[in-house]
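Q: Here is a sequence with its predicted model. Questions after.
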Amino acid sequence: MGNLLEVKNLFVSINTKEGELQAVRNVSFSLKKGEVLAILGESGSGKSILCKSLLQILPKNGFIKNGEIYLEGRELTRLPEKSMNKIRGKEISMIFQDPMTVLNPIIPVGQQIMEAVLTHEKMSKLEAKKRSIELLMTVGIDYPEKRFYQFPFQFSGGMRQRIAIAIAIACKPKVLIADEPTTALDVSIQRQILDLIRELQVKFGISIIFITHDLGVVANLAQRIVVMYAGKFVETGTTEEIFYDARHPYTWGLLSSLPDVDCDNEFLSYIPGMPPNLINPPEGDAFAPRNKYALRIDYYKEPPMFKITETHSAATWLLHKDAPKIESPIKFKECRVIR
Ligand SMILES: Nc1ncnc2c1ncn2[C@@H]1O[C@H](COP(=O)(O)OP(=O)(O)OP(=O)(O)O)[C@@H](O)[C@H]1O
């Protein structure tokens, strides 16, 4: 499988009153055709800013400072706004935690889907309407001909997210970025939306970047997971590697919150402390002050990514050959079968 998207040494900053906040610090990754990649991390770790930079929809004071983003070999960071407009929604699209980010409350939903279709595709209004009704059906809205004319307030939260998904897939994008799309929903509805995303992924072969703070949400969806902390990737691996063989203490902390994990270590039932201030990021390993296993070196020298397998790497000095051998405190209560 070739790489559809490739991000190289990306730095993204936000100008604030207090100074330049380094939200994304030297991130590189790739996404293959048809792959689902999860970006996992606590609030504020830089997941959303990273994904918004791919689409260049950063907040006003945000900017890509350095690095490259390639979509099928085409570099995006230096594209003029007009060309980026052709990519947004058509090649890469995004769904958000709150569907009202994209839905207009005073326009019938069908018309909004139609507009999304007509922005990028040449077809008659009648054809676009037909396509919009099909899309409503695809995302599981019953009576689509009738629902076409209704306004967002006439739908539940889960239904509104379905409509936002219909808009996002209206032009068959190659990449769909899903930014915590189920966080605001009830657990039962969450499951339905995840099932829908998985179904669409299989049906259309869309590649997905799924942002979440909840490892449980992506266990059955993602093939690969990257763990983000303080604007950097600290561990990356296949879903199985991250679940069963995590090496970074931060990943252990995230795993420990899963309901079927027995953690023999009280430190890990939650991650104490706060992430660092990214206006003046610390020297060394940004996680060190919160890491019970931190070594002296962590406080002054940043760990490189240590390679564990072809697909698995982690940035922790614990993987250095001279470091003390620490066993993972994570134990699953019973053998959990992923997928
Ligand atoms: N508009 C903004 N102005 C100033 N700082 C911002 C802005 N948006 C995000 N940030 C800061 O950038 C950093 C990364 O934020 P980001 O939203 O990407 O985190 P996240 O991991 O997606 O968390 P969340 O799940 O809470 O959105 C944080 O320190 C955040 O405070």
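A: Yep, it's here.
Q: Can you list the residue ranges for strands in the stretch 1-150 of the chain?
A: Assigned strands in the stretch 1-150 of the chain, in chain order: 3-16, 19-32, 36-40, 62-71, 74-75, 92-95 (criterion: DSSP state E, counting those that start in this stretch).
Q: Flag every buried residue along the fourth one.
A: When neighbours are counted by 16 or more other C-beta atoms under 10 Å, the buried residues of strand 62-71 are found to be G62, I64, G67, I69, Y70, L71. (Glycine included, C-beta is placed from N, CA and C.)
Q: show me the contacts for the fourth one.
A: I take that to be I69. Counting by C-beta atoms under 8 Å, 6 or more residues apart in numbering, I69 makes contact with L5, E6, V7, K8, L10, S53, L54, E75, L76, T77.
Q: From these, list the buried ones, please.
A: Members of those classed as buried by 16+ other C-beta under 10 Å are L5, E6, V7, K8, L10, S53, L54, L76, T77.
Q: Need the max-distance pair from those.
A: The span of the buried ones among the contacts of I69, defined through C-beta to C-beta, is set by E6 and S53 at 14.0 Å.
Q: near the ligand, which residues of the stretch 151-300 of the chain?
A: By the criterion of C-beta under 6 Å from any ligand atom, the positions of the stretch 151-300 of the chain lying close to the ligand are H213, L278.
Q: ok, now the stretch 1-150 of the chain?
A: 14, 16, 21, 23, 41, 43-49, 59.
Q: for these, which one is nearest K90?
A: Relative to K90, the closest of those is S48; by C-beta to C-beta it sits at 21.5 Å.
Q: Excluding sequence neighbours, find me the nearest residue to the closest one.
A: When the adjacent residues along the chain are set aside, S48 lies closest to D179, with 5.6 Å between them (C-beta to C-beta, 6 or more residues apart in numbering).
Q: So that neighbour sits against L50, correct?
A: No - in this structure D179 lies outside contact range of L50 using C-beta atoms under 8 Å: 10.1 Å.
Q: Going by how many neighbours each has, rank the two and give me the top one.
A: Set side by side, D179 and L50 show more neighbours around L50, with 25 against 20, by other C-beta atoms under 10 Å.
Q: Report the contact partners of the more buried one.
A: L50 makes contact with L10, V12, A23, V24, V27, I39, M228 under the criterion C-beta under 8 Å, 6+ apart.
Q: Is it possible to get CSV of those residues that adds pLDDT?
A: CSV is the format used below for those (pLDDT from 0 to 100):
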residue, pLDDT
L10, 98
V12, 98
A23, 96
V24, 97
V27, 97
I39, 97
M228, 96
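Q: tell me the contacts of I193?
A: If you count contacts by C-beta under 8 Å, 6+ apart, then I193 has G158, Q161, R162, I165, P181, T182, L185 around it.
Q: how close does the fourth one sit to I206?
A: Meaning I165. Here the distance between I165 and I206 works out to 11 Å (C-beta to C-beta, to the nearest Å).
Q: Identify the contacts common to those two.
A: The contact sets of I165 and I206 overlap at L200 (C-beta under 8 Å, 6+ apart).
Q: okay, how far is it across stretch 178-185, tip to tip?
A: Distance between the boundary residues of stretch 178-185 (C-alpha to C-alpha, to the nearest Å) amounts to 14 Å.
Q: Checking the one residue in the stretch 151-300 of the chain that gets nearest to the ligand next. Helix, strand or coil?
A: Using C-beta to the nearest ligand atom, L278 is the residue of the stretch 151-300 of the chain that sits closest to the ligand, at 5.2 Å. For L278, the reduced secondary structure class is coil; criterion used: DSSP: H, G, I helix; E, B strand; the rest coil.
Q: Which one of the contacts of I69 is nearest to the ligand?
A: Nearest to the ligand among the contacts of I69 is S53, at 9.4 Å by C-beta to the nearest ligand atom.
Q: That closest one and V24 touch, don't they?
A: Yes - contact criterion C-beta under 8 Å: S53 and V24 qualify, at 6.7 Å.
Q: Look up how far D98 lies from S83.
A: Here the distance between S83 and D98 works out to 28 Å (C-beta to C-beta).
Q: Please identify which of these two sits among more neighbours.
A: D98 (17 against 11).
Q: Which residues belonging to the lengthiest helix in the chain are considered buried?
A: With secondary structure taken from DSSP state H, the chain has its longest helix at helix 187-204. Along helix 187-204, the positions that meet the burial threshold by neighbour count (16+ other C-beta under 10 Å) are I189, Q190, Q192, I193, L194, L196, I197, L200, Q201.
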